[in-house]
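Colleague: Need the 3D shape of this:
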Amino acid sequence: MRLIAVLLAAGAACRGAPRGQALALRPACADAEYWDGHACTARGTGAAEIVAGKAALDKFAVDEATVALDAGAAHGPLARDSNITLWEQRGIAAAYVDDAPHAREAFDMLLALDPGHFLSYKISPKATFVFEEVRNQEAHRVPELDVDWPRDERVGAAVPLTIGVLADPKRLLGRAEVYVRARGEKRWRAADLALHVGAEQHVVIPPVVATAPTSLELYVRAYDANGDEVLTWADAAHPREIALRYEPPTPWYRKWWVITIAAGAVAAATGIIVYEETLALPNLIDGVAR
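Modeller: Predicted coordinates for the structure are as follows:
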């Protein structure tokens, strides 16, 4: 029996769980909400105030626009689109009053959030010249997040992820939300994760239950210390997919523990036979009568 127990333990070790922190999934918040650490909460008035600031700046009312934009920044947290618009309009406003240093600072932040961003051709050259100057800087670096997973994952098994911050020159990446759902599901689920520059984190997504091959859809959002969204890795409209193969249930007589016990029983029986044949004391002692 000791041999069988050892074999059972060895079998369990071979099937060890994936390494990493198990993600506690919760229902994802709606677009107009954010996760405050306890529940989904309505966003502030920041987005509306940024829209008002842009409208004022379109009329060259720089002072009015600046007040509205500052209010928008204070009344977040902001979704990524609003955050991008905030820094774009701040840069334009600064350029309009010939404040080149603040315009460069705002445009630099804008391009960190959205490296492929372009200003409208309708905007005054006073702003577009400064923007192009910043965009052409060779030293311009942006935050970068990497997400990886092993290949050949299967239905019914936990899925390990490796998440790492490859670059964060402005120290924007404070935490992330990992969004997952099985293909075909309507609602996303999310989990929170702290981010650390230069360090990989190993996390585990709970198993997907299915009766056929499927895939796990995935995207990640990252936030700064204020809770403003600063980076997306894929998105809800274009998520990444982790293929999950399906293995039919194993018949009971082919399960590992049945085979292990059977192997243990055979090994035990073999040991008894070897003992009887080679080591056991004979029942009779040969001898010659004197």
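
Colleague: Test of understanding: give the bridge partners of the residue nearest to Arg221 when sequence neighbours are not counted.
Modeller: Using C-beta to C-beta, 6 or more residues apart in numbering and skipping residues adjacent in sequence, the residue nearest Arg221 is Glu177, 4.9 Å away. C-betas here are computed from N, CA, C, even on glycine. In this structure, Glu177 bridges to Asp192, Arg221 when assessed by DSSP bridges.

Colleague: Run a quick check on Glu177 versus Ala194, I expect a contact.
Modeller: No. Using C-beta atoms under 8 Å, Glu177 makes no contact with Ala194, being 11.2 Å away.

Colleague: And those two? Which one has more around it.
Modeller: With neighbours defined as other C-beta atoms under 10 Å, Glu177 and Ala194 compare such that Glu177 has more, 20 against 9.

Colleague: got a list of what the more buried one touches?
Modeller: With contact set as C-beta atoms under 8 Å, 6 or more residues apart in numbering, Glu177 has these partners: Ala28, Trp35, Ala190, Ala191, Asp192, Leu193, Val220, Arg221, Tyr223.

Colleague: can you give me the strands in the protein?
Modeller: For the chain, the strands defined by DSSP state E occupy 21-22, 26-27, 33-35, 40-42, 144-148, 153-154, 159-167, 175-182, 189-194, 200-205, 214-223, 229-233, 240-245.

Colleague: List the single closest residue to Leu216 in space, sequence neighbours excluded.
Modeller: Closest residue to Leu216 apart from its sequence neighbours, by C-beta to C-beta, 6+ apart: Ile242 at 4.3 Å.

Colleague: Show the contacting residues for the one you found.
Modeller: By C-beta under 8 Å, 6+ apart, the contact set of Ile242 is Trp149, Glu153, Val159, Ser215, Leu216, Leu218.

Colleague: Next: Gly227.
Modeller: Tyr34, Gly76, Pro77.

Colleague: which intervals of the chain have sub-threshold pLDDT?
Modeller: Along the chain, the model assigns pLDDT under 70 to residues 1-18, 138-140, 252-258, 262, 265-290.

Colleague: at 80 what do you get?
Modeller: Judged by pLDDT under 80, the chain has its weakly predicted residues at 1-20, 138-141, 249-290.

Colleague: Would you map out the domains in it?
Modeller: By the assignment in automatic domain parsing, the chain contains the domains 16-30+143-245, 41-135, 250-279.

Colleague: What is the burial count for the nearest residue to Ala236 once chain neighbours are set aside?
Modeller: Residue nearest to Ala236 in three dimensions, not counting chain neighbours: Tyr219, with 6.3 Å by C-beta to C-beta, 6+ apart. Tyr219: 21 surrounding residues under other C-beta under 10 Å.
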